[in-house]
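1. Just to be clear, the model below is a prediction. Sequence and coordinates:
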Amino acid sequence: MRRAGAQRWRGPAVVLAAGALTLTVSLGIRHAFGLFLEPMSRDNGWTREVFAFAIALQNLVWGAAQPFAGRLADRHGAGRAVLGGSVLYVAGLLLMATAHGASTLALSAGVLVGLGLSGTSYPIVFGAISRCTAPERRSLATGIAMAVGSLGQFAMLPGALAAIDAVGWAGALVALAGLGAGMAPLSAGLRERPAAAGVAGAPGAGAREALAAALRHRGFWLLSFGFLVCGFHVVFIATHLPAFLADRGLGPRAGAAVLALVGLFNIGGSYCAGLLGGRTSKPGLLVGLYLLRAAVIAAFVLAPVTEGSAYAFGAAMGFLWLSTVPLTNGTIATLFGTRHLAMLGGVVFFFHQVGAFLGGWLGGRIYVATGSYDLVWWISIALALLAALVNVPVREAPAARPAAAPEAAA
């Protein structure tokens, strides 16, 4: 009775609020890393490739760890995954503040922060929200969580830039670590009973079968490739756009302002994606979204780069930024149900992070080799068109499941 009473306060509204705030902090800090490229590289005598590799490694570690973090959340509840992730995240930020060599930067910003992100980002949060939300409201709920999470990306950048100006990059990272510690108490709102997480009394039951069924499903692979392209765009732009704008004569405040606009317009984009995803075909929305990304990037590359064009690009890309997340996760929930959603979402997210690794690392590598980002922009356009194409044949219908009955479409 006492345990049941202790669980009653964690209703859907509490889970949604705690999950959204966790995303606000986790994704907000991650979105600010691009501001540290220039000051850390300058003070330590690094080329841009050193910082770019650490961020690329972070995304690869994040993606590789995500299925395991998702399995932990499916089995023991999202709260424990968030608590462990927040500890690793904070440790990584504190070590990054002392980084004066490439190996320390790779261990801190790359490995520890990557592991921390795997426990505190959307596959974990969306799994918890989806399990406590009715199928017909699931897409809207995840869209709201993503929109609130995007608020951190908007609000964190001016604060991070002001902190770098006031106390230097090391002091700013310590301040971000203090903020990241706030995710630990939020994990209490995401604690789930084993039954709610879908694993009561049967550890491991059905996970292998669910994974095998997903890997045999063509739609799962097509969604994964599309998400790879999303990761490429997001990390290339978030990491290299401030430096790209500086090369074109715009100051660091312009880069911060553009990334802040990305976060601001991502709020509306994520909410609209969640809302529309509950009313129409999510794969169809993904096709349109990737086509729009190709058009927006092409317009930015072909037009002269000014503060106005940079702000317009930030607003347009922001609206399309993480709108893919509720649509992709919602499609997975429709295809395979919510019992193993955090794990299956983590597998798809691994592909997102492979793209993120390539976007972060290739941006720095090609810049060092050619002296510009031009080739990476054109690769981004080609990938967007390809992602739109591969989402065309995806059908939003429950797949045959080995142990669970199909759920209604979200």
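-> In hand now; what should we look at?
2. Report the helix or strand with the lowest average pLDDT across the protein.
-> helix 2-8 (a mean of 54; mean pLDDT, DSSP states H and E).
3. now the helices for the stretch 301-410 of the chain?
-> Applying DSSP state H, counting those that start in this stretch to the stretch 301-410 of the chain gives helices spanning 307-320, 324-336, 341-370, 374-391.
4. got it, and the stretch 1-150 of the chain?
-> Under DSSP H, counting those that start in this stretch, the stretch 1-150 of the chain gives helices at 2-8, 12-31, 37-44, 48-76, 78-96, 102-105, 113-120, 122-131, 135-180.
5. which residues does Leu83 contact?
-> 119, 184, 187 (Cβ atoms under 8 Å, 6 or more residues apart in numbering). Where you see a C-beta, it was placed from the backbone N, CA and C, and this is true even at glycine.
6. and the closest residue to Val354 other than its chain neighbours, how many residues sit next to it?
-> Nearest non-adjacent residue to Val354, counting by Cβ to Cβ, 6 or more residues apart in numbering: Leu228, 5.7 Å away. The number of residues packed near Leu228 is 25, by other Cβ atoms under 10 Å.
7. Leu228 contacts His352, correct?
-> Yes. If you go by Cβ atoms under 8 Å, Leu228 and His352 touch, sitting 6.2 Å apart.
8. ok so, going back, just the helices of the stretch 301-410 of the chain: most buried one?
-> Of all the helices of the stretch 301-410 of the chain, helix 324-336 carries the top mean neighbour count, a mean of 29, counting by mean count of other Cβ atoms under 10 Å.
9. just to revisit the earlier point, distance of the residue nearest to Val354 relative to Gly84?
-> For Leu228, the distance to Gly84 (Cβ to Cβ, to the nearest Å) stands at 26 Å.
10. Could you list the low-pLDDT ranges of the stretch 251-400 of the chain?
-> 400 (pLDDT under 70).
11. rewinding a little: between the helices of the stretch 1-150 of the chain, which one is nearest to Arg216?
-> helix 48-76 (16.7 Å; Cβ to Cβ).
12. so how far is the closest one off the chain centroid?
-> Distance of helix 48-76 from the chain centroid (Cα atoms, centre = their mean, to the nearest Å) equals 10 Å.
13. ok, and for that helix, which residues are buried?
-> Within helix 48-76, the residues that qualify as buried are 48-67, 69-76, counting by 16 or more other Cβ atoms under 10 Å.
14. same question, stretch 239-252
-> Taking 16+ other Cβ under 10 Å as the criterion, stretch 239-252 shows 239-245, 250, 252 as buried.
15. Residues touching it, excluding its own?
-> 33-35, 37-38, 48, 52, 55, 161, 254-256, 258-259, 305, 307, 310, 359-360, 363-364, 367, 372-373, 376.
16. Would you mind writing the CA trace of it as PDB?
-> Taking C-alpha atoms only, stretch 239-252 is exported to PDB below (Å, rounded to 0.1, in the frame of the first residue of the first chain):
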ATOM      1  CA  THR A 239      29.400  22.200 -34.200                       C
ATOM      2  CA  HIS A 240      30.700  24.000 -37.300                       C
ATOM      3  CA  LEU A 241      28.100  26.800 -38.100                       C
ATOM      4  CA  PRO A 242      29.700  29.400 -35.600                       C
ATOM      5  CA  ALA A 243      33.100  28.800 -37.200                       C
ATOM      6  CA  PHE A 244      31.600  28.900 -40.700                       C
ATOM      7  CA  LEU A 245      30.000  32.200 -40.000                       C
ATOM      8  CA  ALA A 246      33.200  33.600 -38.400                       C
ATOM      9  CA  ASP A 247      35.000  32.600 -41.700                       C
ATOM     10  CA  ARG A 248      32.500  34.800 -43.500                       C
ATOM     11  CA  GLY A 249      33.200  37.800 -41.300                       C
ATOM     12  CA  LEU A 250      30.400  37.400 -38.800                       C
ATOM     13  CA  GLY A 251      31.300  37.600 -35.000                       C
ATOM     14  CA  PRO A 252      30.800  34.900 -32.400                       C
END
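17. begin at 8 from here
-> Sure, I'll start numbering at 8, so the last one becomes stretch 246-259.
18. Just the element for the closest residue in space to Val94 that isn't next to it in sequence, please.
-> Spatial nearest neighbour of Val94, chain neighbours left out: Ala191 (7.2 Å); criterion: Cβ to Cβ, 6+ apart. Using DSSP states H and E, Ala191 sits in helix 190-193.
19. packing partners for that helix?
-> Applying 3 or more Cβ pairs under 8 Å, 6 or more residues apart in numbering; DSSP states H and E, we find helix 190-193 packed against helix 19-38, helix 85-103.
20. okay, the angle between the shortest one and helix 142-187?
-> With axes from the mean of the first three to the mean of the last three Cα atoms, to 10 degrees as the basis, helix 85-103 and helix 142-187 are set at 30 degrees to each other.
21. Please tell me the pLDDT value assigned to Leu122.
-> With respect to pLDDT, Leu122 scores 95.
22. just checking, it touches Leu95?
-> Yes. Taking Cβ under 8 Å as the definition, Leu122 is a contact partner of Leu95 at 4.6 Å.
23. Between these two, point out the one with more neighbours.
-> Of the pair Leu122 and Leu95, Leu122 is the one with more neighbours under other Cβ under 10 Å, namely 25 against 21.
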